[in-house]
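K.L.:
model this:
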Amino acid sequence: MKNSIAKLLVIFSFSFFMTGLLYAEFNPNGGENGEFWSQNTTKTIKWDTSYFHNTVNIYLWNMTSSTFTTIDTSIQASLGEYNWQIPVDQPTGNFFRVKIRQTDSAELEQFSETFFPIYEGSSPHSEFAEKPVHTENIYISPNPVTDKIKLSLDFDISNKSNVTIFDCLGKVWLSLALNTNLTELNCTNLPSGVFYAVVNANGKIKTKPFVVIR
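P.N.:
Residues are numbered from 1 along each chain as shown. Below you'll find the model as predicted:
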């Protein structure tokens, strides 16, 4: 029992650290705040200056193509923010994350909290953009989990709906079609850590984090 509690505390501490670094100031975070990034606009990326020192490199992670694009390098870490002019030809999609990495240490890096969209043109044209996503529409229990979780959705799904489980680095661990609003997922193959359930339903992307303990 003591070992389980100790593991739980470690995982929750890890979860807080992983999500807290860019979460408070990084926008957008999955679309829930109603702000949407698009080509040919300038957005501000912020990070925790107490974690990084010297200089940092900034990258854009595209989960769809599994590629990193360099936004800029050797930025003074003490500045704590960077204004990114999103290129006119920047690929669009729903699964992007920003990564900050210290220039002289590959081990000191951090991702933004979750996936966010980048749209074409000066304003988004999808239903997802017009109606911001709220992660409260997804419920996961139990959380933390050791073997199986129940994924509950309080919105309608279509025959093309699916859920994908990612880790903090964007690696896909599980992907399956959704046929009902209540689905049981087997998480026995997942290692300890923080994961994200990303539901794609009716043209909307909804995300919910959860913790696995071993």
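
K.L.:
How about the spatially closest residue to Asp72 that is not a sequence neighbour: which residues does it bridge to?
P.N.:
Nearest non-adjacent residue to Asp72, counting by C-beta to C-beta, 6 or more residues apart in numbering: Ile58, 5.2 Å away. Placement of C-beta: from N, CA and C, glycine included. Assessed by DSSP bridges, Ile58 has beta-bridge partners Asp72, Ile100.

K.L.:
got a list of what Ile58 touches?
P.N.:
Ile45, Thr70, Ile71, Asp72, Thr73, Ile75, Tyr82, Trp84, Val98, Lys99, Ile100 (C-beta atoms under 8 Å, 6 or more residues apart in numbering).

K.L.:
so the last one touches Trp61, yeah?
P.N.:
No. The criterion here is C-beta atoms under 8 Å, and Ile100 misses it with Trp61 at 11.3 Å.

K.L.:
who's more crowded, those two?
P.N.:
The neighbour comparison of Ile100 against Trp61 (other C-beta atoms under 10 Å) goes to Ile100, with 26 against 19.

K.L.:
Can you check the pLDDT for the more buried one?
P.N.:
Note for Ile100: predicted pLDDT of 90.

K.L.:
cool, Phe115 as well?
P.N.:
Looking at Phe115, its pLDDT is 73.

K.L.:
Phe195 versus Phe210, what's the distance?
P.N.:
6 Å (C-beta to C-beta, to the nearest Å).

K.L.:
Repeat that for Asp154.
P.N.:
21 Å.

K.L.:
Compare neighbour counts for these two and give me the winner.
P.N.:
Phe195 (24 against 9).

K.L.:
And the helix or strand containing that one, what does it pack against?
P.N.:
Here Phe195 sits within strand 193-201, counting by DSSP states H and E. Other helices and strands packing on strand 193-201, by 3 or more C-beta pairs under 8 Å, 6 or more residues apart in numbering; DSSP states H and E, are helix 2-23, strand 138-141, strand 148-153, strand 162-167, strand 204-212.
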